[in-house]
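>>> need coordinates for the below:
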Amino acid sequence: MGERPFGKLSNYAVPVVLKNSSENLSNHLPQPQFGSNETYTHIILLCLTYNLAVRPRFKDLRERLVTILADRF
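As a prediction, the model looks like this:
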C-alpha cells in the first residue's frame, strides 16, 4: 500500500504505455495485494484503457461493483 501506481515507470512513459493497445497494463500495474481479481480486471484495468469507447461508464462501474459486492456477501 502507498506504492507508486506504475512502479518504476517515469511520468513520461506512463502515457506511452496507456496509448499502446498491445501493451499489457498488468505488466506495469500489478494487482494490489488486498484487491480482488474481479475488481482489478473488470474495473481498474478497464478504467485505464486509453480508448474512451472501451472505458466503462459510471453506470457500468456501479453495476459491476454491486455485482462484486453481492457475490462476496
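>>> only C-alpha atoms from now on, for both contacts and neighbour counts.
Will do.
>>> nearest residue to Leu45 in space, please, no chain neighbours.
Leu25 (7.1 Å; C-alpha to C-alpha, 6 or more residues apart in numbering).
>>> and the helices in the chain?
All helices of the chain, identified by DSSP state H, fall at 13-19, 25-28, 37-39, 45-47, 58-72.
>>> what sits against the residue nearest to Leu45?
17-18, 45 (C-alpha atoms under 8 Å, 6 or more residues apart in numbering).
>>> what's the separation between it and Phe73?
30 Å (C-alpha to C-alpha, to the nearest Å).
>>> can you check Arg55 too?
Separation of Arg55 from Phe73 (C-alpha to C-alpha): 27 Å.
>>> nearest to Pro5, out of the helices of the chain?
helix 25-28 (8.5 Å; C-alpha to C-alpha).
>>> pull out the buried positions in the closest one.
Residues Leu25 are the ones in helix 25-28 that count as buried (16 or more other C-alpha atoms under 10 Å).
>>> returning to what we had before: out of Arg55 and Phe73, which sits in the more crowded spot?
More crowded of Arg55 and Phe73, by other C-alpha atoms under 10 Å: Arg55, with 16 against 5.
>>> ok, now which ones touch that one?
Residues near Arg55 by C-alpha under 8 Å, 6+ apart: 46-49.
>>> could you rerun that using 10 Å?
Arg55 makes contacts with 43, 45-49, 61, as judged by C-alpha atoms under 10 Å, 6 or more residues apart in numbering.
>>> how many neighbours does Tyr12 have?
By the measure other C-alpha under 10 Å, the count of residues near Tyr12 is 8.
>>> now the residue lying closest to Tyr40 once chain neighbours are set aside: how far from Tyr50?
Distances taken as C-alpha to C-alpha, 6+ apart place Gln31 nearest to Tyr40, at 6.1 Å, with adjacent residues excluded. As for Gln31, its distance to Tyr50 is 19 Å (criterion: C-alpha to C-alpha).
>>> what do you get for Ser10?
Counting by C-alpha to C-alpha - Ser10 and Tyr50 are separated by 18 Å.
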